[in-house]
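*Asks:* build the 3D model from these lines:
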Amino acid sequence: MRRLGMKRSEKAGLPPGTVVHVGRERTAKPTVSVISYDGEHLEERVLDTAEACLVFKGRPGVTWLNISGVHDTKLLEELGACYGIHPLVIEDIGNTEQRPKLEDYRDYLFIVLKMLYHDEEGQVVTEQLSLVVGPNFVISFHEQEKDVLEPVRTRLRNSQARIRGQGADYLAYSLMDAVVDHYFVILEHLGVDIEEVEESLVASPSTSELAAIHRLKRELIFLRKSVWPLREVISALERRESPLIKEGTAVYLRDVYDHTIQVIDAVESYRDIVSGMLDTYLSSISNRLNEVMKVLTIIATIFIPLTFLVGLYGMNFRFMPELGWRWGYPAVLTVMVVAAAGMVAYFRRRRWL
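*Replies:* Here you go, the predicted structure:
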């Protein structure tokens with residue numbers, strides 16, 4: 001089971017700017033890939049070391065550096081020194097528990113958002129995506145090689161795409177748009193799961209449905225924590241308080257803001273539905289218990305007079321009426337059958353059965 005929070009004990013007492021990885025433990029070697037492009041040319045490479053990024057620093061056009069793996073603190077420090085990134089930013093990149101936020105350092109913008117996708121088991125995975133946006137470069141950091149940014153790479157490889165003629169701010173918008181668009185994919189899967197659980201809940205509620213409801217609630221909590229703060233980030237970018245964001249890009253950021261609001265509305269609706277499903281489950285279990293108790297009560301009520309009769313004639317008194325009568329036993333059985341049948345008929349007429 002995934003933890004709601006990661007351990008921060010290693011950071012306790014350290015000076016500000018000390019880079020410590022906080023997140024899931026990883027041993028794979030980080031990957032540094034670069035795409036450098038303009039309207040006519042595109043170069044795509046995988047770099048062996050952080051020093052290789054110096055070749056692309058200051059190159060005309062736009063450079064996108066993508067680092068998969070933030071557990072290598074030495075690599076983060078080398079990249080920070082290469083591009084003049086503040087140590088506090090590098091510290092936040094290594095800490096994967098950051099809240100989505102925007103920080104303006106004049107020469108560059110630091111943006112944090114949450115990237116969501118499904119793992120091999122179909123569970124929703126939350127991963128931090130950090131963006132450093134400069135005048136002609138974008139550096140993206142995330143935890144592992146898998147991401148949701150492949151549509152942006154595909155568009156960059158197309159020489160006729162709009163993104164090839166735009167600047168670094170448009171590239172940053174495209175990356176955020178790809179992340180937000182993938183939220184709708186997560187919501188679509190959640191919607192299907194909610195419908196399936198809801199149908200099973202109405203038909204025959206069981207403990208498996210209860211476990212599914214709790215899983216859905218957990219995934220919606222992750223999604224809500226990822227989307228709600230992002231609204232503030234995109235709104236701040238849209239206001240163009242930084243000269244790095246051009247007027248033409250602000251129009252597209254407004255579209256991402258609208259998508260974010262739609263995701264938030266959908267998440268809130270799904271949360272209400274899942275909460276209602278939990279109430280429905282508890283009501284169904286209570287109703288089932290009431291039905292069982294009703295049947296047992298009716299059976300016990302039918303046997304009360306029968307038990308009285310056999311208990312009465314089971315007493316060992318010598319001079320009991322009809323004790324020596326030849327037809328006593330058949331008569332008692334007949335009375336018992338008539339009494340039971342009469343009570344069943346009465347219960348059916350009152351619609352208790």
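*Asks:* so where's the stretch 51-200 of the chain uncertain?
*Replies:* Residues of the stretch 51-200 of the chain that meet the criterion pLDDT under 70 lie in 51-52.
*Asks:* let me see the ranges of the strands in it.
*Replies:* Secondary structure of the stretch 51-200 of the chain (DSSP state E, counting those that start in this stretch): strands at 62-68, 101-104, 109-118, 124-133, 137-142.
*Asks:* top helix in this structure by residue count?
*Replies:* Ranked by number of residues, the top helix in the chain under DSSP state H is helix 247-312.
*Asks:* same question for that one, mean pLDDT?
*Replies:* Confidence for helix 247-312, expressed as mean pLDDT, is 87.
*Asks:* same for that helix, what does it pack against?
*Replies:* Contacting helix 247-312 under the criterion 3 or more Cβ pairs under 8 Å, 6 or more residues apart in numbering; DSSP states H and E are the following elements: helix 168-203, helix 207-238, helix 328-349. Where you see a C-beta, it was placed from the backbone N, CA and C, and this is true even at glycine.
*Asks:* hmm, back to that, closest to V180 out of the strands of the stretch 51-200 of the chain?
*Replies:* Between V180 and these, the shortest separation by Cβ to Cβ is 8.4 Å, and it involves strand 109-118.
*Asks:* tell me which of the strands of the stretch 51-200 of the chain is the most buried.
*Replies:* Ranked by average neighbour count under the criterion mean count of other Cβ atoms under 10 Å, the strands of the stretch 51-200 of the chain are headed by strand 137-142 at a mean of 24.
*Asks:* separation between E198 and V192?
*Replies:* From E198 across to V192, the span is 11 Å (Cβ to Cβ, to the nearest Å).
*Asks:* more crowded one of these two?
*Replies:* Here E198 and V192 are set side by side on neighbour count (other Cβ atoms under 10 Å), and the busier one is E198, at 18 against 10.
*Asks:* what is the neighbour count of the closest residue to C82 other than its chain neighbours?
*Replies:* For C82, the nearest residue in space outside its immediate sequence neighbours is C53; the separation is 5.4 Å by Cβ to Cβ, 6 or more residues apart in numbering. Using other Cβ under 10 Å, the number of residues around C53 comes to 20.
*Asks:* is C53 in contact with V32, as I believe?
*Replies:* Yes. Shown here, C53 and V32 form a contact pair, counting by Cβ atoms under 8 Å, at 7.2 Å.
*Asks:* what touches both of these two?
*Replies:* With Cβ atoms under 8 Å, 6 or more residues apart in numbering applied, the overlap between the contact sets of C53 and V32 consists of 47, 65.
*Asks:* gap between the two ends of stretch 25-38?
*Replies:* End-to-end distance of stretch 25-38 (Cα to Cα, to the nearest Å): 37 Å.
*Asks:* for it, which positions count as buried?
*Replies:* By 16 or more other Cβ atoms under 10 Å, the buried positions in stretch 25-38 come out as 30, 32-37.
*Asks:* and stretch 79-95, by the same measure?
*Replies:* For stretch 79-95, a neighbour-count test (16+ other Cβ under 10 Å) marks 79-80, 82-83, 85-86, 89-95 as buried.
*Asks:* mind picking the two most distant members of those residues?
*Replies:* Largest pairwise distance in the buried residues of stretch 79-95, by Cβ to Cβ, is 20.5 Å, between C82 and N95.
*Asks:* circling back: make JSON lines out of the buried residues of stretch 25-38 and add pLDDT, secondary structure and distance to R164.
*Replies:* As requested, the buried residues of stretch 25-38 are arranged in JSON lines below (pLDDT from 0 to 100; DSSP: H, G, I helix; E, B strand; the rest coil; distance: Cβ to Cβ, whole Å):
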{"residue": "P30", "pLDDT": "87", "secondary structure": "coil", "distance to R164": "27"}
{"residue": "V32", "pLDDT": "88", "secondary structure": "strand", "distance to R164": "22"}
{"residue": "S33", "pLDDT": "89", "secondary structure": "strand", "distance to R164": "18"}
{"residue": "V34", "pLDDT": "91", "secondary structure": "strand", "distance to R164": "16"}
{"residue": "I35", "pLDDT": "92", "secondary structure": "strand", "distance to R164": "11"}
{"residue": "S36", "pLDDT": "91", "secondary structure": "strand", "distance to R164": "12"}
{"residue": "Y37", "pLDDT": "91", "secondary structure": "strand", "distance to R164": "6"}
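*Asks:* and these as JSON lines, adding distance to V22?
*Replies:* Converted to JSON lines, the buried residues of stretch 25-38 look like this (distance: Cβ to Cβ, whole Å):
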{"residue": "P30", "distance to V22": "16"}
{"residue": "V32", "distance to V22": "21"}
{"residue": "S33", "distance to V22": "24"}
{"residue": "V34", "distance to V22": "26"}
{"residue": "I35", "distance to V22": "29"}
{"residue": "S36", "distance to V22": "31"}
{"residue": "Y37", "distance to V22": "33"}
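*Asks:* kind regards, and thank you for your time.
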